[in-house]
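Enquirer: Please work out how this folds:
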Amino acid sequence: MPQTALQVIKWGLAQSPSCECGQRQTMNHIVDTRPLTKFEGGLNLLHEADDDAVIWLESTATAALAK
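Expert: Have a look, this model is predicted:
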């Protein structure tokens, strides 16, 4: 699974903690606030790993890996 820019910068593998949209890329940003990847229900519902969460994870990971 791809890591957030904030994590990758801590490992010295990126120059900026910014998302493509210009905001600081954290898991909260990806799941709760970024319009292109926002998961309705947020992190709490995502942690329940119901069918909607699994579908969101698969589609988000597929899109990220396609870049």
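Enquirer: how about low-confidence regions in this structure?
Expert: In the predicted model, the chain carries pLDDT under 70 at residues 1-2, 65, 67.
Enquirer: element containing the residue of the chain most remote from its centre, please.
Expert: Within the chain, the residue lying farthest from the chain centre (CA atoms, centre = their mean) is residue 12, at 19.1 Å. When secondary structure is defined by DSSP states H and E, residue 12 falls outside every helix and strand.
Enquirer: The protein: helices as residue ranges?
Expert: When secondary structure is read from DSSP state H, the chain shows helices at 5-10, 27-28, 42-46, 51-65.
Enquirer: Export those to TSV and append columns for distance to residue 17 and mean neighbour count.
Expert: Quick note: C-beta positions are derived from backbone N, CA and C, even for glycine. Compiled in TSV, the helices of the chain are given as follows (distance: least, CB to CB, whole Å; neighbours: other CB atoms under 10 Å):
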stretch	distance to residue 17	mean neighbour count
helix 5-10	4	16
helix 27-28	12	13
helix 42-46	19	14
helix 51-65	16	12
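Enquirer: quick one, which of those is nearest to residue 35?
Expert: Go through the helices of the chain one by one with CB to CB and the one that ends up closest to residue 35 is helix 51-65, at 12.9 Å.
Enquirer: Output the helices of the chain in CSV; the columns should cover distance to residue 19.
Expert: What follows is the helices of the chain, written out as CSV (distance: least, CB to CB, whole Å):
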stretch, distance to residue 19
helix 5-10, 6
helix 27-28, 11
helix 42-46, 16
helix 51-65, 11
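Enquirer: can you tell which of these is closest to residue 36?
Expert: Of all those, it is helix 51-65 that lies closest to residue 36, at 8.4 Å by CB to CB.
Enquirer: Show me how far that closest one is from its chain's centre.
Expert: The chain centroid and the centroid of helix 51-65 are separated by 10 Å, computed with CA atoms, centre = their mean, to the nearest Å.
Enquirer: now for that helix, which elements pack on it?
Expert: Packing partners of helix 51-65 (3 or more CB pairs under 8 Å, 6 or more residues apart in numbering; DSSP states H and E): helix 42-46.
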